[in-house]
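Student: fold the following.
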Amino acid sequence: MDTGTLALLIPIIGVSIPIVAIWSKHRQKIIEMQLEKTASASAEKAAQYSTNIQQLEDRVQVLERIVTDRGYDIATQIEALRDTRTVEQKDSGTPLNISKQENA
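Tutor: Below you'll find the model as predicted:
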């Protein structure tokens, strides 16, 4: 290498090093900001999941209370609701068993 080429390379290298350092710091800040944004989004999602889980646990507790406090009388209550619906349908004039009526 001759002295002319070396004389050109020294200023180029001298300018390049600070530029690379500045770019590296900038890139590091961008990555840190992205991590903070991701962390805050994750924290928000975790809070939402926690709220949903609490609501589900409350609902399960209500269901458990219904089953344990009233015993297993739920089947009887369901049948009573079906009977009520059947009576309402008879009153409205809609036949329940069309095939039985046609055979008669």
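
Student: for the most centrally placed residue in the chain, which residues are in contact?
Tutor: Nearest to the mean C-alpha position of the chain, by CA atoms, centre = their mean, lies Y49 at 6.8 Å. Under the criterion of CB atoms under 8 Å, 6 or more residues apart in numbering, Y49 has no neighbours. Placement of C-beta: from N, CA and C, glycine included.

Student: SS state for it?
Tutor: Judged by DSSP: H, G, I helix; E, B strand; the rest coil, the three-state class of Y49 is helix.

Student: got a pLDDT number for it?
Tutor: Y49 carries a pLDDT score of 93 in this model.

Student: next: the one 4 residues further on.
Tutor: pLDDT, I53: 94.

Student: work out for me the element it sits within.
Tutor: helix 3-70 (DSSP states H and E).

Student: centre of the chain to that helix, how far?
Tutor: In terms of CA atoms, centre = their mean, to the nearest Å, the centre of helix 3-70 is set 19 Å apart from its chain centre.

Student: and T76, how far from V62?
Tutor: Plainly put, T76 is 20 Å away from V62 if you go by CB to CB, to the nearest Å.

Student: hmm, I was thinking of K25
Tutor: Taking CB to CB as the measure, K25 falls 56 Å from V62.

Student: swap in H26?
Tutor: 55 Å.

Student: and A39, by the same measure?
Tutor: Using CB to CB, A39 is found at 35 Å from V62.

Student: and for Q55?
Tutor: 11 Å.

Student: try Q28
Tutor: 51 Å.

Student: could you do Q54 as well?
Tutor: Taken as CB to CB, the span from Q54 to V62 is 13 Å.

Student: state the pLDDT value of I10.
Tutor: With respect to pLDDT, I10 has a value of 84.
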